[in-house]
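Novice: sequence plus the predicted model coming up.
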Amino acid sequence: MLFDLDGVLVNSFAVMRQAFEIAYAEVVGAGPAPGAAYHPPPGRCVPRNHRSRGLPLEVEGPFVRESYRLAGEVEVFEGAPELLADLRQHGFGTAVVTGKSGPRARSLLTTLGLAELFDHVIGSDEVVNPKPAPDMLLLATGLLGVPADRVVMVGDALTDLASARAAGYPALAALWGETDEAELLAANPDAAVRKPSQVLDWCLAHLADDRT
């Protein structure tokens, strides 16, 4: 089981907005930060987002600093820890494949008490090509040591669905966070799940074997 992080396991966007506002004020000065740049579009890492919006790259440093400082305020989605524990109880390996950097993702999961629920956590800085390329997913699959036909991706962004398709994996669209539901559904995911427990239901229905 491969999971995106922001918007799927944790509701981090309010903290990301706060971190960006602090960083923007520090680097650019007083005045409102541009609303469209409060946080990267789903699936896009921070440096790529800043470059694409013409923002000073100097914003990245204080943004990351504040993200670390505010990590304890990030909300874990209701039902996510239980889902992960249930998946592991049923014998599924679990990995995070995220647009965040690997160190920041691992630090956040440790702060929130979720790190032990994952076999691997892979960030966009740890592959040559981040999502929508399949690199992170293929790396996670190799580390988990499972056949490709036993892998499922859960994400809340078009880049998640695209990376799953590029890898040849089923993609589940997570609809419980800040996401564009109509856009995700129009991309024809293999299934749409509205709460974390439905991920386990789908896996048991489609990947049932001798797991207990």
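Specialist: It's in.

Novice: which strand or helix spans residue 91?
Specialist: Using DSSP states H and E, residue 91 sits in no helix or strand.

Novice: what number of residues lie near it?
Specialist: Per other C-beta atoms under 10 Å, the neighbour tally for residue 91 reads 10. For glycine as for every other residue, the C-beta is placed from the backbone atoms N, C-alpha and C.

Novice: now it: how far from residue 170?
Specialist: To residue 170, residue 91 is 18 Å away according to C-beta to C-beta, to the nearest Å.

Novice: average pLDDT across the longest helix anywhere in the chain?
Specialist: If you go by DSSP state H, the chain has its longest helix at helix 13-27. What helix 13-27 shows for mean pLDDT is 90.

Novice: for it, name the packing helices and strands.
Specialist: When contacts are defined as 3 or more C-beta pairs under 8 Å, 6 or more residues apart in numbering; DSSP states H and E, helix 13-27 packs onto helix 60-69.

Novice: hmm, who's touching the helix it packs on?
Specialist: For helix 60-69, contacts defined as C-beta atoms under 8 Å, 6 or more residues apart in numbering pick out 15-16, 18-20, 22-23, 26-27, 46-47, 50, 101, 104, 107.

Novice: that one vs helix 13-27, what angle?
Specialist: With axes from the mean of the first three to the mean of the last three C-alpha atoms, to 10 degrees as the basis, helix 60-69 and helix 13-27 are set at 140 degrees to each other.

Novice: so how far is helix 60-69 from its chain's centroid?
Specialist: Remark: helix 60-69 is offset 18 Å from the chain centroid, using C-alpha atoms, centre = their mean, to the nearest Å.

Novice: all helices for the chain, in order.
Specialist: 13-27, 46-52, 60-69, 80-89, 102-111, 135-144, 158-167, 181-186, 197-206.

Novice: switch these over to JSON lines; also include mean neighbour count and distance to residue 128.
Specialist: Formatted as JSON lines, the helices of the chain follow (neighbours: other C-beta atoms under 10 Å; distance: least, C-beta to C-beta, whole Å):
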{"stretch": "helix 13-27", "mean neighbour count": "19", "distance to residue 128": "25"}
{"stretch": "helix 46-52", "mean neighbour count": "17", "distance to residue 128": "14"}
{"stretch": "helix 60-69", "mean neighbour count": "17", "distance to residue 128": "20"}
{"stretch": "helix 80-89", "mean neighbour count": "18", "distance to residue 128": "28"}
{"stretch": "helix 102-111", "mean neighbour count": "19", "distance to residue 128": "14"}
{"stretch": "helix 135-144", "mean neighbour count": "20", "distance to residue 128": "6"}
{"stretch": "helix 158-167", "mean neighbour count": "22", "distance to residue 128": "13"}
{"stretch": "helix 181-186", "mean neighbour count": "13", "distance to residue 128": "26"}
{"stretch": "helix 197-206", "mean neighbour count": "16", "distance to residue 128": "29"}
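
Novice: all set, thanks.
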